[in-house]
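S.K.: Here you go, sequence then predicted model.
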Amino acid sequence: MTVAAIILAAGRGTRAGGTIPKQWQMLGDRPVVAHALAALTRAEIGLRVLVCHADDLAQAQALGSEALIVVGGAERDASVKAGLLALQGRGVTRVLIHDGARPFPGPVIPALLAALERHQAAAPGLAVSDALWRVDQGRIAGLQDRAGLARAQTPQGFAYEAILAAHLAHSGGALDDVAVAMAAGLDVAMVPGHEDNLKLTWPEDFARAERILRGKMDIRLGNGFDVHAFTTGDHVVLCGVKIPHSKALLGHSDADVAMHALTDAIYGALAEGDIGRHFPPSDPQWKGADSAIFLAHAAELAAQRGFRLGNADVTIICERPKIGPHAAAMQARLAEIMRADVARISVKATTSEQLGFTGREEGIAAIATVTWIKE
Ligand SMILES: Nc1ccn([C@@H]2O[C@H](COP(=O)(O)OP(=O)(O)OP(=O)(O)O)[C@@H](O)[C@H]2O)c(=O)n1
Ligand SMILES: C[C@](O)(CO)[C@H](O)COP(=O)(O)O
């Protein structure tokens, strides 16, 4: 099975309100549609098509996703057609069609993919648990039997050629792709939907999505502290930046005290001990080592466990050298080693008002705090 996904983001979101369409509004630290894309990426759907409005091309490109970007149509089914046509000739056998306004499809994808191994079409649905009324001008006009009813969600999955043919033959106006598939005579299996897989439709849906997002997140916080004494020399290395100085720092490695504090903060956040556990000072191979090796290892460990950097904050405590002129270069170097966004990394400094060992310029201390986020 070669599976692709179409993520629909060409609507205007009129019911949701706001100054920009709902799928481009922020949910946590990124636009709604970026959550949907990330969930499909995590499900290892390698080929993704993002269908957006011509006015939103710049936002779509700014996501930095590997998805193909195509322009949609005035109605949902026209947007689906644009996505399906973009997949022609790519060897796709199954396609998942998903509302970009549903940020959390993750829980329904495994059962959907399993059903598509056996069926031409499958889609997630939820049982109706409330009583249903027919309403006329604000008055309850009658009761609706809920037996046999389900609430439709996306992604809805189909054999690619079958749903392409069904859409090309359809006269338009379908609420969803199951309707199009059924009009073409396809048999559609239902798999369990999930309450978290909500569609942002009304303004109040955003608060619920924020609550779901907070509940899903695994947020880790770590701190690190390190000290290195001064010895004779003509420079120090701090956060990977060589700074001319009247002394050097003493250490088994390059004595980058600030990078060590940050590395320990990362290991701490992951409950992975400290640098000494991963790179024992008794091991001669780490003598004079570039501390970037330690930081890269810790950051890679976090990435392997599915975390992305929330932020890192490093404070260097010394009278001299002055850190301010080098802070931007330090942030850039840390970002490079951690493969992270430099805007999430802070390096700052303080003196200890000439008190204590840092005040007497006997050495430099550093503290660091780091957060990692997994959704
Ligand atoms: N011409 C359209 C209309 C809708 N959609 C997408 O289809 C999904 C479900 O549609 P809906 O919730 O109805 O979104 P909107 O049409 O944007 O909302 P509204 O009806 O409130 O304007 C959304 O991700 C939406 O962006 C689309 O790609 N192209
Ligand atoms: C596709 C859908 O999300 C399935 O529940 C739904 O049909 C979209 O309806 P809308 O009225 O376009 O929001």
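M.R.: Looks like it came in fine. Ligands and ions are numbered 1, 2, ... in the order given.
S.K.: gap between residue 249 and ligand 2?
M.R.: Remark: distance between residue 249 and ligand 2 (CB to the nearest ligand atom, to the nearest Å) = 59 Å. From N, CA and C alone the C-beta is placed, and that goes for glycine too.
S.K.: and the nearest residue to that residue once chain neighbours are set aside, helix, strand or coil?
M.R.: Sequence neighbours aside, residue 255 is the residue nearest to residue 249 in space, at 3.7 Å (criterion: CB to CB, 6 or more residues apart in numbering). The local conformation at residue 255, judged by DSSP: H, G, I helix; E, B strand; the rest coil, is coil.
S.K.: what about residue 255, how many neighbours?
M.R.: By the criterion of other CB atoms under 10 Å, residue 255 has 24 neighbours.
S.K.: which outside residues touch the lowest-mean-pLDDT helix or strand in the chain?
M.R.: Ranked by mean pLDDT, DSSP states H and E, the weakest helix or strand in the chain is helix 205-216, scoring a mean of 93. Contact with helix 205-216 is made by 16, 22, 25, 27-28, 32, 35, 103-104, 196, 198-200, 375, as judged by CB atoms under 8 Å, 6 or more residues apart in numbering.
S.K.: try 6 Å this time
M.R.: Contacts of helix 205-216 with the rest of the structure, by CB atoms under 6 Å, 6 or more residues apart in numbering, involve 27-28, 103, 196, 375.
S.K.: Could you count how many residues lie near residue 349?
M.R.: 21.
S.K.: I misspoke; the intended subject was residue 275.
M.R.: 24.
S.K.: That one: what's it in contact with?
M.R.: Going by CB under 6 Å, 6+ apart, residue 275 touches 260, 263-264, 294.
S.K.: And the pLDDT for it?
M.R.: Residue 275 is assigned a predicted lDDT (pLDDT) of 95.
S.K.: circling back to that earlier point, ligand 2: which of the contacts of residue 275 is nearest?
M.R.: residue 263 (45.7 Å; CB to the nearest ligand atom).
S.K.: Buried residues, the helix or strand where the closest one lies. List them.
M.R.: Per DSSP states H and E: residue 263 is located in helix 257-269. Neighbour-count burial for helix 257-269 flags 257-269 (criterion: 16 or more other CB atoms under 10 Å).
S.K.: Give me the contact list for that helix.
M.R.: 220, 222-226, 228, 238-239, 273-275, 291, 294-295, 298, 314, 316, 364, 366-368, 370, 372.
S.K.: Repeat that for stretch 145-163.
M.R.: Here stretch 145-163 has contacts from 92-93, 95-99, 102, 105, 112, 116, 120-126, 128, 132, 176-178, 186, 193, 197, using CB under 6 Å, 6+ apart.
S.K.: How about stretch 79-98?
M.R.: Under CB under 6 Å, 6+ apart, the answer for stretch 79-98 is 1-8, 10, 49, 51, 68, 70, 72-73, 105, 116, 154-158, 160, 164, 167, 177.
S.K.: cool, and stretch 285-296?
M.R.: Contacts for stretch 285-296 (CB under 6 Å, 6+ apart): 240, 252-254, 256, 259, 263, 275, 279, 337.
S.K.: okay, it in PDB with CA atoms only?
M.R.: C-alpha atoms of stretch 285-296 as PDB (Å, rounded to 0.1, in the frame of the first residue of the first chain):
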ATOM      1  CA  GLN A 285      39.500   9.900  24.500                       C
ATOM      2  CA  TRP A 286      37.500  13.000  25.900                       C
ATOM      3  CA  LYS A 287      40.700  14.800  27.000                       C
ATOM      4  CA  GLY A 288      40.600  18.200  25.300                       C
ATOM      5  CA  ALA A 289      37.400  17.300  23.500                       C
ATOM      6  CA  ASP A 290      35.200  19.900  21.800                       C
ATOM      7  CA  SER A 291      32.200  20.100  24.100                       C
ATOM      8  CA  ALA A 292      30.000  20.400  21.000                       C
ATOM      9  CA  ILE A 293      30.200  16.500  21.000                       C
ATOM     10  CA  PHE A 294      28.500  16.400  24.400                       C
ATOM     11  CA  LEU A 295      25.800  18.900  23.500                       C
ATOM     12  CA  ALA A 296      25.100  17.300  20.100                       C
END
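S.K.: residues of that stretch that come out buried?
M.R.: By neighbour count with 16+ other CB under 10 Å, stretch 285-296 contains the buried residues 286, 289-292, 294-296.
S.K.: buried residues in the strand or helix carrying residue 85?
M.R.: Mapping residue 85 onto the secondary structure by DSSP H and E places it in helix 76-86. Buried residues in helix 76-86, counting neighbours by 16+ other CB under 10 Å, are found at 76-77, 79-84, 86.
S.K.: Outline the domain layout of this protein.
M.R.: For the chain, automatic domain parsing gives the domain ranges 3-216, 218-374.
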